[in-house]
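Chemist: my questions are about this predicted structure, shown below with the sequence.
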Amino acid sequence: MIDLYYWPTPNGHKITMMLEETGLDYRLHTVNITRQEQFAPEFLAISPNNRIPAIVDTDPADGGPPVPIFESGAILSYLARKTGRFGSSNLRNQVEIEEWLFWQVGGLGPMAGQNHHFGRFAPEKIPYAINRYVTETARLYGVLDTRLRNREFVTGDTLSIADFASYPWITPEKQGQDMSRFSNLARWCDTMRRRPATQRAYAFAEIARNGSAPFTTTQDRAAIFHEAGL
Ligand SMILES: N[C@@H](CCC(=O)N[C@@H](CS)C(=O)NCC(=O)O)C(=O)O
């Protein structure tokens, strides 16, 4: 069983997308970061950087005690190893998956995060900062758009953890981006959005945001699917 500590943000969506795609059994625990729940000592014991997402695998492959993991990239890689899915055993493909995973966690995520901060949340509007991060987000969109020109997914013909990492961070309407400049990226976003697992992941996001109790059992989860018509 995977215990997922989650809030419905882009970094949270990455992991629910992966878990829904793999069909792994998981329990979802909300950590409301708008109410500072990420600073609770129980959560910090799992995620010392006071950030979601985090997981605890209560049934690790080595049969040992539960494994806690923080950082979305580390979680995606761990789950890929655990399930044998959305990673690769091919050396060259592995390199590509890691490149694009690190590109997202070190580039697209932080830059788009600053874009959100200065464009939407900062109490003071600072044109230099807004422009800097909108421009940098556009550059990163362009890099991914070029990458997707001859590929269905970020690392080739098959879906990988690199896709789960980037998809939730492409929100042009929140990031001052004109998607008509990025046709390959738009096509890929559409493919990702239509996947049933993505639909389920985002349905949970809505439920968590509305303050409903998170699910703790597979039965609760089935009931939520049923209610959401998924
Ligand atoms: N590098 C981290 C970033 C995680 C992150 O920034 N999480 C945000 C929500 S998207 C958070 O928990 N913020 C709470 C805080 O800053 O206190 C990852 O990829 O997991």
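Modeler: That came through fine.
Chemist: spell out the secondary structure type for Ile55.
Modeler: Using DSSP: H, G, I helix; E, B strand; the rest coil as the criterion, the local structure at Ile55 reads strand.
Chemist: next, the residue positioned nearest the centre of the chain: secondary structure please.
Modeler: Within the chain, the residue whose C-alpha comes closest to the C-alpha centroid is Lys14; the distance, by Cα atoms, centre = their mean, is 1.8 Å. Counting by three-state DSSP, the backbone at Lys14 sits in helix.
Chemist: pretty sure it sits against Ala162.
Modeler: No: with the criterion set as Cβ atoms under 8 Å, Lys14 and Ala162 do not qualify as a contacting pair; they are 10.6 Å apart. Where C-beta positions appear, they are placed from N, C-alpha and C, glycine not excepted.
Chemist: ok, now how distant is the residue nearest to the centre of the chain from Gly109?
Modeler: Counting by Cβ to Cβ, to the nearest Å, the separation of Lys14 from Gly109 is 9 Å.
Chemist: overlap in contacts of the two?
Modeler: Both Lys14 and Gly109 are contacted by Ser72, Ala165, under the criterion Cβ atoms under 8 Å, 6 or more residues apart in numbering.
Chemist: measure how buried Val95 is and give me the count.
Modeler: 12 (other Cβ atoms under 10 Å).
Chemist: so what's Ala61 up against?
Modeler: Arg81, Lys82.
Chemist: output the longest helix belonging to this structure.
Modeler: Assignment by DSSP state H gives helix 127-147 as the longest helix of the chain.
Chemist: any residue of the helix or strand following that helix up close to the ligand?
Modeler: Going down the chain from helix 127-147, the next helix or strand is helix 161-166, by DSSP states H and E. No: against the ligand, helix 161-166 shows no contacts by Cβ under 6 Å from any ligand atom, the least distance being 8.3 Å.
Chemist: residues making contact with helix 161-166?
Modeler: 14-15, 17-18, 21, 72-73, 76-77, 79-80, 86-87, 96-97, 100-101, 104-105, 108-109, 144, 153-155, 188, 192.
Chemist: so what's the gap between that helix and the chain middle?
Modeler: Taking Cα atoms, centre = their mean, to the nearest Å, the mean C-alpha location of helix 161-166 is offset from the chain mean by 7 Å.
Chemist: and Gly142, how many neighbours?
Modeler: The number of residues near Gly142, taken as other Cβ under 10 Å, comes to 13.
Chemist: tell me the contacts of it?
Modeler: Here Gly142 is in contact with Arg181, Phe182 (criterion: Cβ under 8 Å, 6+ apart).
Chemist: how many other residues sit next to Leu79?
Modeler: Counted with other Cβ under 10 Å, the neighbours of Leu79 add up to 25.
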